[in-house]
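1. Got a predicted structure here, sequence first:
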Amino acid sequence: MALQDRLEVLQALIPAAGHVQFSEALPGAGDAVYHLACEAGLEGIVSKRLDSVYRSGSTMNWRKIKCYVEKEMDIIGMKRETGKPAMVLVAENGRYMGGAFVTFKAYKRQALWDRVKVKTGAPPPKGLTKEKAEWLKPGLVGRVKFLKGEEKLRHASLKDFREQT
């Protein structure tokens, strides 16, 4: 069945006041809807081709397009475990926000490790004593890219870092 026909069947099956709710399609160009969703602080949008028919498995007929934001945050710790990607632990205005993956090329990752080495030795922040990490003295700032729509970091990665001036 075509998407529009499937939506009509689905809407008839879902009770209006239930836990599961039917979302109406938004008219207009996808890029305009995406920008509105991002401005509203939403995680993103799901888009489907109107003329698509249902196919199981992976297809090019629908997309989940996520809204990301980049911010500078204080790097307060590092997590490095064998076999896992390294993470920086970050805070914003003194509030722990979570971890961001370090995906730098070798030379830049080494520059980060060199800066971290001289800043290790800080006590764990309040409430994070069980966290297995190297805690850092203040002064290192990272530019973090993360998914919008959540209080804590999700799908976060470190894009750059610098000494705080």
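-> Received it, and whenever you're ready, just let me know what you need. Note that the structure is predicted; figures quoted are calculated from it, not measured.

2. number of nearby residues for H35?
-> 13 (other Cβ atoms under 10 Å). For every residue, glycine as well, the C-beta is placed using N, CA and C.

3. That one belongs to a helix?
-> Yes. Counting by DSSP: H, G, I helix; E, B strand; the rest coil, H35 is found in a helix.

4. Distance of it relative to A29?
-> The gap separating H35 from A29 is 10 Å, by Cβ to Cβ, to the nearest Å.

5. and if you look at N93?
-> From N93 to A29 the distance is 37 Å (Cβ to Cβ).

6. Neighbours of V90, how many?
-> With other Cβ under 10 Å as criterion, V90 counts 26.

7. Also L26?
-> Per other Cβ under 10 Å, the neighbour tally for L26 reads 12.

8. Please apply the same query to the one 5 residues further on.
-> Using other Cβ under 10 Å as the criterion, D31 is surrounded by 10 other residues.

9. ditto for A37
-> Neighbours around A37, by other Cβ under 10 Å: 19.

10. Hmm, C67 and it touching each other?
-> Yes. Judged on Cβ atoms under 8 Å, A37 makes contact with C67 at a distance of 6.2 Å.

11. and for those two, which residues touch both?
-> Residues touching both A37 and C67 by Cβ atoms under 8 Å, 6 or more residues apart in numbering: G44.

12. What residues sit buried inside the top helix by length along the chain?
-> Ordering each helix of the chain by length in residues (DSSP state H) puts helix 106-119 first. Going by neighbour count (16 or more other Cβ atoms under 10 Å), the buried part of helix 106-119 is L112, R115, V116, K119.

13. With stretch 35-54 instead?
-> Neighbour-count burial for stretch 35-54 flags A37, C38, E43, G44, I45, S47 (criterion: 16+ other Cβ under 10 Å).

14. Could you pull up the contacting residues of the second one?
-> If you count contacts by Cβ under 8 Å, 6+ apart, C38 has them with G44, C67, K148.

15. Model confidence for the nearest residue to the last one once chain neighbours are set aside, exactly?
-> Which is K148. Sequence neighbours aside, C67 is the residue nearest to K148 in space, at 4.3 Å (criterion: Cβ to Cβ, 6 or more residues apart in numbering). On pLDDT, C67 comes in at 94.

16. coming back round to it: will you turn the contacts of C38 into TSV that also has secondary structure and distance to I14?
-> Shown next, in TSV, are the contacts of C38 (DSSP: H, G, I helix; E, B strand; the rest coil; distance: Cβ to Cβ, whole Å):
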residue	secondary structure	distance to I14
G44	strand	22
C67	coil	26
K148	coil	27
